[in-house]
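Asks: Here is a sequence with its predicted model. Questions after.
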Amino acid sequence: MKAARQTRTIEETIERHFAASRAMDTEAWVANFAPDAVCHDPVGGTPVKGHAGLRDLFQNICSAFARLAISEELVLVSGSSAAVKWDGHAVGHNGRETRFEGIDVFDFDDAGRIRALWGYWDPGSVMMRLR
């Protein structure tokens, strides 16, 4: 039963994480992370650590878009980790739109907060299509 509760807690955190992304709600997004969480979004970029770094990261992401909609398409939970295949739709400040996709890999603490996130997507190509 403990594994089922853990899986449901992780699924709920993922739901809140993506809902906060769609709402472009920085504080709700950051609240899903453990205080000392590390975020590699995108993988290959400079990782950020802690709520202050996460807040800056998400505000920078949101500032690039007039609207952002990222929807989880497939959620796979295994133990205290999960992989999520997601689809995105963005509207730039100039009105241009684009679709994109990615995969996020999460590690969770015992409270169900995100301890680490690895985001696999290409923000450069998204921004290029919005120019």
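Replies: That came through, no problem. Numbering: from 1, shown residues only.

Asks: In terms of helix, strand or coil, where does residue 13 fall?
Replies: When classified by DSSP: H, G, I helix; E, B strand; the rest coil, residue 13 comes out as helix.

Asks: Would you mind confirming that it makes contact with residue 108?
Replies: Yes - assessed by C-beta atoms under 8 Å, residue 13 is found in contact with residue 108 at 6.7 Å. Yep, even glycine has a C-beta here, placed from its N, CA and C like the rest.

Asks: Which residues lie in contact with residue 60 in this structure?
Replies: Contacts for residue 60 (C-beta atoms under 8 Å, 6 or more residues apart in numbering) come out as none.

Asks: any idea which element it lies in?
Replies: Using DSSP states H and E, residue 60 sits within helix 50-63.

Asks: repeat for residue 117
Replies: Using DSSP H and E, the element containing residue 117 is strand 114-120.

Asks: got the residue ranges for the strands in this protein?
Replies: 33-40, 48-49, 67-78, 81-91, 97-108, 114-120 (DSSP state E).

Asks: and the angle from the last one to helix 50-63?
Replies: Read that as strand 114-120. 30 degrees (axes from the mean of the first three to the mean of the last three C-alpha atoms, to 10 degrees).
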